[in-house]
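J.: here's a sequence, model it:
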Amino acid sequence: MRSEAPSPGTTIVGPAAAATVRRRPRSAPAGKWRGTGPRIARLALALTLAGAGSARAQAGYTPTAENLAAREWFRDAKFGMFVHWGVYSVLQDDAWVMNVRRLTLRDYEGLAPQFDPTRFDAAAWVSLAKAAGARYITFATKHHDGFAMWDSRASDWNIFARTPFHRDVVRELADECRRQGVRFFVYYSQLDWHHPDFFPRGGTGRWTGRPDSGDFGRYLDFLDAQVRELLTGYGPLAGVWFDGQWDKGGDWRLARTYRMIHVLQPAALIRSNHNGWFNPGEDLALFERMLPGTQNARLDSARALGLP
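T.: Okay, the predicted model is just below:
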């Protein structure tokens, strides 16, 4: 579903709980969408249930009563609205344009001074979603381009510091959702084509002109700092939608990040678009561009873990 937006490029998708109609660009890594044969799927599921991924995820995680109640709410909510919007809208394209067109940091950063969506109206957006029957909104606070749509203290690569608009869109949407009784999820990309410490590189964002060096641990510190800002500065969140782990392997330090979220906001639901087997600490099953059941092992994993 799409709506009229104050700046070109705004994409609204639903229902997010089942399948998305947003198209992935052709240059997206093929491995992200690779199917799994039944024998391999059964083996992966068995390893997951045996706790093979616990070193990477939140081992021993027990959902709180608030979290379990939030899961039941999500089961019943059914329909939500997903909004992708950022500086890429200046090019009248989607969030993958930096990778698809192989733009350098210098070229891409030049979009920010042109991003001035003076007609943005959080109340109108939330009212539209509510009138359509959406019970929650998921907003892309930071996509793979690394650009934060809030006034982030961790980096000045954000809408408040780098654009003439000079407003905190995440705050306006979060506040308006509370006023209108619509729950607010934040999407946050773990993949980052802009940050110098996102290294070693993965399968995307290789043409930005960044030096071939960096400290991934320092990048994960930055990631946690930004997620903490969202958790502590924008009121109660319905949850966090992560994306981007599929770009590269390695230790993403999920246990630390997931534990921080569950401590700061116990009712917040974690879901991750890693397209792998669900990890301890993840509260919702996520199926992007597929109906639940089209990858049976993922569905079986979700059922075994009791995820909505």
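
J.: doesn't residue 252 make contact with residue 220?
T.: Yes. With contacts counted by C-beta atoms under 8 Å, residue 220 reaches residue 252, the gap being 7.1 Å. Where C-beta positions appear, they are placed from N, C-alpha and C, glycine not excepted.

J.: how about the strands in the stretch 151-300 of the chain?
T.: Taking DSSP state E, counting those that start in this stretch as the criterion, the stretch 151-300 of the chain carries its strands at 183-189, 239-243, 269-273.

J.: low-confidence stretches in this structure?
T.: For the chain, residues meeting the criterion pLDDT under 70 lie at 1-57, 275, 289-306.

J.: mind listing the strands for the stretch 1-150 of the chain?
T.: Under DSSP E, counting those that start in this stretch, the stretch 1-150 of the chain gives strands at 11-13, 81-84, 136-142.

J.: just these: most buried one?
T.: strand 136-142 (a mean of 26; mean count of other C-beta atoms under 10 Å).

J.: on that earlier part again, I'd like the strands of the stretch 151-300 of the chain laid out as TSV, including mean neighbour count.
T.: Shown next, in TSV, are the strands of the stretch 151-300 of the chain (neighbours: other C-beta atoms under 10 Å):
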stretch	mean neighbour count
strand 183-189	23
strand 239-243	24
strand 269-273	23
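
J.: these: which one's closest to residue 282?
T.: The minimum distance between residue 282 and these falls on strand 269-273, with 5.2 Å, by C-beta to C-beta.

J.: which other helices and strands does that closest one contact?
T.: helix 65-77, strand 239-243, helix 254-264 (3 or more C-beta pairs under 8 Å, 6 or more residues apart in numbering; DSSP states H and E).

J.: tilt between it and helix 254-264?
T.: Using axes from the mean of the first three to the mean of the last three C-alpha atoms, to 10 degrees, the inter-axis angle of strand 269-273 relative to helix 254-264 is 150 degrees.

J.: okay, now the sheet partners of strand 269-273, with direction.
T.: Strand pairing for strand 269-273, determined by DSSP bridges: strand 239-243 (parallel).

J.: would you mind writing the CA trace of the strand it pairs with as CSV?
T.: Taking Å, rounded to 0.1, in the frame of the first residue of the first chain, the C-alpha atoms of strand 239-243 are listed here in CSV:
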residue,chain,number,x,y,z
GLY,A,239,10.0,-3.2,19.2
VAL,A,240,13.1,-3.1,17.1
TRP,A,241,13.3,-4.6,13.5
PHE,A,242,16.9,-5.4,12.7
ASP,A,243,18.2,-5.9,9.2
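
J.: could you check the angle it makes with strand 183-189?
T.: For strand 239-243 against strand 183-189, the angle by the same axes, to 10 degrees is 20 degrees.

J.: which residues are contacting strand 239-243?
T.: 70, 138, 144, 185-191, 227, 230-231, 261, 268-274, 283-284, 286 (C-beta atoms under 8 Å, 6 or more residues apart in numbering).

J.: swap the cut-off to 7 Å and go again
T.: Residues from elsewhere that reach strand 239-243, judged by C-beta atoms under 7 Å, 6 or more residues apart in numbering: 138, 185-190, 227, 261, 268-273.

J.: stretch 249-262 too?
T.: 56-59, 190, 216, 220, 224, 227-228, 231, 240, 245, 268, 270, 279, 281.

J.: so which of those residues are in helices?
T.: Among the contacts of stretch 249-262, the ones falling in helices (DSSP state H) are 216, 220, 224, 227, 228, 231.

J.: need the contact list for the second one.
T.: Translated: residue 220. By C-beta under 7 Å, 6+ apart, the contact list for residue 220 reads residue 253.

J.: and if you look at the third one?
T.: The neighbours of residue 224, taking C-beta under 7 Å, 6+ apart as the test, are 256, 257, 260.
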